[in-house]
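Undergrad: Model the structure of this input:
(one chain, ligands or ions: 1)
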Amino acid sequence: MAEIIGGVATTHVPSIGGAIANNKQNDPYWKPFFSGFDYVHRWLADTKPDVAVVFYNDHGLNFFLDKLPTFAIGAAKEYRNEDEGWGIPVSHSVTGHPAVSWHLINALVADDFDMTVCQEMLVDHAVTIPLALMWPTAAKTGQWPVRIVPVEINTVQHPLPSLARCLKLGRSIGRALESFPENLRVVVIGTGGLSHQLDGERAGFINKDFDKQCMDALAKEPEAITRHSIHDLVELAGAQGVELLNWMAMRGALTGAVTEVHRNYHIPVSNTAGATMVFENRPTARLRAA
Ligand SMILES: [Fe+2]
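TA: Numbering: from 1, shown residues only. Got it, this is the predicted structure:
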């Protein structure tokens, strides 16, 4: 059976891609953010996942404002990136895992999540930058050690799904992954956030206290922040801080005994609170057997 080994959450702002392309990882501005990935690299080398389920939001590369699903899932053999106009290099394609995708799709629809199913799908910086941060060598060669299933959540055009709904989406995916019949090691990834606002009167807004509350809640009790409506979330985390929805879905997919094993938080990363977390998941099947 597939085993969910843990979850990784990370900021995905496009300027990180520029820093990688220009080898700025050790510059004083960037080092506090990139050094937060040293632990992630060791953790991935130890845990060796085969598949990554990536919760993210598309910024206009695959979906645009005219047709923007609340929840979409990839079922493609391969996911390409294209020039998004941020001035960052186009990323190598990533291989998909259609069998896992269809297993999840069947389970999700049976669980009343009416997903938009994408048998062709471009993935933007919200997928490619987290992958490049997690596997920097593979990002250069295109020899990714994982196959991916992208799960897209609308954080761009209101109305947005609630934190509670995204937690349930993640839980549904977590349960489905546990019933996938092959022995696969799965990491779930949530990208975006944390607090930031790119436009309007509050451009540059960051809320360190709320970010800490969210990270603490994700570690111990994710339900604690589901009381916040989307409007609360915009006020507390900023207009683009709503990307926390992706982190919430990732956390929901961790269905076993969850332990926070790493946290890095640094301000600013391009007007964003840059944050990285790693959670270990002790699968329920193994807990039952113990
Ligand atoms: Fe974003």
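
Undergrad: What number of residues are in the vicinity of Ser15?
TA: Using other C-beta atoms under 10 Å, Ser15 has 18 neighbouring residues. In short, each C-beta sits where N, CA and C put it, glycine included.

Undergrad: Assumed Trp86 was part of a strand.
TA: No. Using DSSP: H, G, I helix; E, B strand; the rest coil, the assignment for Trp86 is coil, not a strand.

Undergrad: hang on, it packs against Gly17?
TA: Yes. With contacts counted by C-beta atoms under 8 Å, Trp86 reaches Gly17, the gap being 6.8 Å.

Undergrad: between the two, who's got more neighbours?
TA: Gly17 (22 against 15).

Undergrad: okay, and the common contacts of Trp86 and Gly17?
TA: Listed as contacting both Trp86 and Gly17 by C-beta atoms under 8 Å, 6 or more residues apart in numbering are His125.

Undergrad: I'd like to know how many residues surround Asp209.
TA: Using other C-beta under 10 Å, Asp209 has 9 neighbouring residues.

Undergrad: now the helices: where do they sit in the stretch 151-290 of the chain?
TA: 163-178, 208-220, 230-237, 244-252, 284-289 (DSSP state H, counting those that start in this stretch).

Undergrad: so the longest one versus helix 244-252, what angle?
TA: Which is helix 163-178. Computed by axes from the mean of the first three to the mean of the last three C-alpha atoms, to 10 degrees, the angle separating helix 163-178 from helix 244-252 equals 40 degrees.

Undergrad: Enumerate every residue touching the nearest residue to Gly190 once chain neighbours are set aside.
TA: Nearest-residue entry for Gly190: Met250, 2.9 Å, with adjacent residues in sequence omitted and distances by C-beta to C-beta, 6 or more residues apart in numbering. Shown in contact with Met250 (C-beta under 8 Å, 6+ apart): Gly7, Val8, Ala9, Phe55, Gly170, Val188, Ile189, Gly190.

Undergrad: and the second one, which of the three is it?
TA: What that stands for is Val8. With three-state DSSP as the basis, Val8 sits in strand.

Undergrad: Correct me if wrong: it contacts Thr191.
TA: No. With contact defined as C-beta under 8 Å, Val8 does not count as touching Thr191 (9.0 Å).
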